[in-house]
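Student: below: sequence and its predicted model.
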Amino acid sequence: MEVVIIAILGALMVALHDGSPPPRTPTSLVVVLPEAGGKVGTVVVNPGQAETRLDTAYAAAQIGQGAPPARSTLSEGEVGGLFAAALAARPMPPMSFTLYFITGTDEFTPESKRDLDSVFGELKRRPSPEITVIGHTDRIGSDADNDRLSLRRAERVRDDLITLGVPPEVISIAGRGEREPLVPTADNVDEPRNRRVEISVR
């Protein structure tokens with residue numbers, strides 16, 4: 001579970017949420033941000049005097065010299081105001097997508113064709129993406145044929161990305177054949193969810 005922690009050193013230039021004045025001594029402020037889906041991890045702040053656990057969205061701990069951490073909860077707006085520059089500089093979170101293929105081919109299923117615009121749109125809006133494209137097959141056919149087919153599927157996605165303007169040097173591809181099924185099956189079983197390409201972008 002990803003936990004995003006923002007720390008600011010020096011005297012706070014903005015009053016905290018309870019209206020208290022900025023401290024006169026140097027302090028650190030640690031704030032836990034939720035993930036995009038709302039999940040929150042746990043951060044333990046222990047500057048030596050006492051331990052404070054932060055395990056809710058926007059939980060904060062102010063650490064002053066010689067004092068135990070003062071725990072509080074900030075609002076989303078307060079965090080945005082205090083850390084506007086840091087939040088703007090954060091890289092976009094990694095994302096992954098899965099596209100599916102018609103059996104024995106590198107042609108997308110009708111459903112995945114409909115998903116292409118949103119997938120490629122997300123990739124294009126990232127300023128400096130690193131994209132990994134991994135092709136997979138089901139267990140119909142020989143190992144050698146499936147190795148070639150999985151690579152063709154990855155190449156198809158790479159070529160489509162390049163056509164849309166994604167620089168080829170940021171895309172790496174590989175084919176895994178039938179070695180890493182999403183749904184384990186016996187040999188020669190037709191499983192649509194295994195005929196896929198997984199796209200990871202960061």
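Tutor: Right, received. Where do you want to start?

Student: pull the contacting residues for T56.
Tutor: 32, 40, 73 (C-beta atoms under 8 Å, 6 or more residues apart in numbering). In this view, the C-beta of every residue, glycine as well, is placed from N, C-alpha and C.

Student: could you give the bridge partners of the last one?
Tutor: In this case it means T73. A59 (DSSP bridges).

Student: so it sits against A60, correct?
Tutor: Yes - counting by C-beta atoms under 8 Å, A60 is a contact partner of T73 at 6.5 Å.

Student: hmm, back to that, any idea which of the contacts of T56 is closest to A174?
Tutor: Nearest to A174 among these, counting by C-beta to C-beta, is V40 at 34.0 Å.

Student: burial check on the closest one, number of neighbours?
Tutor: Using other C-beta atoms under 10 Å, V40 has 19 other residues around it.

Student: before we move on, what about E111?
Tutor: Using other C-beta under 10 Å, E111 has 10 neighbouring residues.

Student: got it, and S112?
Tutor: 18.

Student: where does the residue nearest to it when sequence neighbours are not counted fall, secondary structure wise?
Tutor: Take S112 and drop its neighbours on the chain: the residue closest to it by C-beta to C-beta, 6 or more residues apart in numbering is L99, 4.3 Å away. Element membership for L99 (DSSP states H and E) is strand 95-100.

Student: return that strand as PDB; C-alpha atoms alone will do.
Tutor: The C-alpha coordinates for strand 95-100 follow below in PDB (Å, rounded to 0.1, in the frame of the first residue of the first chain):
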ATOM      1  CA  MET A  95      -1.100   3.000 -13.700                       C
ATOM      2  CA  SER A  96      -1.700  -0.300 -15.500                       C
ATOM      3  CA  PHE A  97      -4.100  -1.300 -18.200                       C
ATOM      4  CA  THR A  98      -5.100  -4.700 -19.800                       C
ATOM      5  CA  LEU A  99      -6.200  -5.100 -23.400                       C
ATOM      6  CA  TYR A 100      -7.600  -8.400 -24.700                       C
END
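
Student: that one packs against which elements?
Tutor: helix 110-124, strand 196-201 (3 or more C-beta pairs under 8 Å, 6 or more residues apart in numbering; DSSP states H and E).

Student: dump the ones you listed to a markdown table, plus mean pLDDT and distance to D145.
Tutor: Converted to a markdown table, these look like this (pLDDT from 0 to 100; distance: least, C-beta to C-beta, whole Å):
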| stretch | mean pLDDT | distance to D145 |
| --- | --- | --- |
| helix 110-124 | 84 | 22 |
| strand 196-201 | 95 | 17 |
